[in-house]
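In: I would like to see how this sequence folds:
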Amino acid sequence: MTNSRLTLISHPLCPFVQRVAIVLREKHIPFEQVQIDLNDKPAWFRAISPTGKVPLLKVERDADQAVVLFESMAICEYLEEAYRDHGIHPAAPLARAQHRAWIEFSSATLMDAWGYLNAVDETVAATKAADLRKKLERFEAVLSDKPYFAGAGFSMVDAVTAPVFRYFDILGDDVPPDIFGGLNHVASWRRALAERPSVRDAVMADYGALFRTHLKDHAALLASG
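Out: Predicted coordinates for the structure are as follows:
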């Protein structure tokens, strides 16, 4: 365990911020959170963010200059290594490598979900929905009757996939059944993640309203739901 002071620099809707926030809460790590407007980025943020994106994690140690980490998985891996209590990666190297591969797959799933949710064209929406369904079917094939990706214990794969499901939990009946229909293991996994305190508390109380406003502002096809 380190004695660092941590500040998570965020945007309220960013799913990659949610990944880090979930890991921080899951591992019971104290942190402060600062929200910024990505449409009006403050100068101090532009100065410390190589990509101009969130999340950033500012790590301050008493005798050292502050270090700013960027990229959500680099941050999550740091938290796993530096704060070893409540580990959420498998201990065995082979299993850990498998989980890291599924994390990459989850990132691709998130991109398909985002493309579908924000689609303004029926053809694009149908293509992204089909791509998303195929990835969910892959998850269905490896999941079990246990609540989480790897069974009874919450893992990093769960932390990084939970933001994908949150979108669809908000939209509810507005989501066509052919995306999730018949995927019973995925449905159980989705429910278990929604009930997990670290997942539930990783966003602001008005997240659902903010997300629906985002869809309307972008004239997404789902905005009328």
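In: okay, CA-based contacts and neighbour counts for the rest of this
Out: Noted.
In: can you name the farthest residue from the center of the protein?
Out: Ala63 (32.5 Å; C-alpha atoms, centre = their mean).
In: distance of that residue relative to Ser4?
Out: Distance from Ala63 to Ser4, counting by C-alpha to C-alpha, to the nearest Å: 10 Å.
In: and for the two, which residues touch both?
Out: Residues touching both Ala63 and Ser4 by C-alpha atoms under 8 Å, 6 or more residues apart in numbering: none at all.
In: tell me the domain ranges of the chain?
Out: Per the record, the chain has its domains at 5-82, 93-224, by automatic domain parsing.
In: list of residues touching the lowest-mean-pLDDT helix or strand in the chain?
Out: The weakest-scoring helix or strand in the chain, judged by mean pLDDT, DSSP states H and E, is helix 177-180 (a mean of 93). With contact meaning C-alpha under 8 Å, 6+ apart, helix 177-180 is reached by Ala129, Ala130, Leu132, Arg133, Leu136, Val186, Ala187.
In: farthest pair in those?
Out: Ala130 and Ala187 (17.5 Å; C-alpha to C-alpha).
In: tell me how far Val23 lies from Met156.
Out: Counting by C-alpha to C-alpha, the gap from Val23 to Met156 is 8 Å.
In: find residues that contact each of the two.
Out: Taking C-alpha under 8 Å, 6+ apart as the contact rule, Val23 and Met156 touch no residue in common.
In: going on from the longest helix along the chain, what's the next piece of helix or strand?
Out: Counting by DSSP state H, the longest helix found in the chain is helix 93-117. Next in sequence after helix 93-117, counting helices and strands by DSSP states H and E, comes helix 122-142.
In: now that next one, how far from the chain's geometric center?
Out: Mean-position distance between helix 122-142 and its chain equals 18 Å (C-alpha atoms, centre = their mean, to the nearest Å).
In: what's next to whichever helix or strand comes after that helix, contact-wise?
Out: As assigned by DSSP H and E, the chain's next helix or strand after helix 122-142 is helix 156-171. For helix 156-171, contacts defined as C-alpha under 8 Å, 6+ apart pick out 15-16, 18-19, 22-23, 88-89, 99-100, 102-103, 106-107, 109-110, 113, 148-149, 175, 190, 193-194, 199, 208, 211, 225.
In: what do you get for stretch 10-27?
Out: With contact meaning C-alpha under 8 Å, 6+ apart, stretch 10-27 is reached by 8, 30-31, 33-38, 54-56, 72-73, 75-76, 79, 83, 85-87, 156, 159-160, 162-164, 198-199, 201-204, 207, 210-211.
In: shaky segments in this structure?
Out: Low-confidence segments of the chain (pLDDT under 70): 1-2, 225.
In: please repeat the previous calculation with a cut-off of 80.
Out: 1-2, 63, 224-225 (pLDDT under 80).
In: between the contacts of helix 177-180, which is closest to Leu221?
Out: Nearest to Leu221 among the contacts of helix 177-180, with distances taken as C-alpha to C-alpha, is Ala129, at 12.5 Å.
In: count the residues that sit near that closest one.
Out: By other C-alpha atoms under 10 Å, the residues close to Ala129 number 21.
In: counting neighbours, what do you get for Ala130?
Out: Neighbours of Ala130 (other C-alpha under 10 Å): 16.
In: now do the contacts for it.
Out: Per C-alpha under 8 Å, 6+ apart, neighbours of Ala130: Ile179.
In: quick one: contacts for Ser224?
Out: Contacts of Ser224 (C-alpha under 8 Å, 6+ apart): Lys216.
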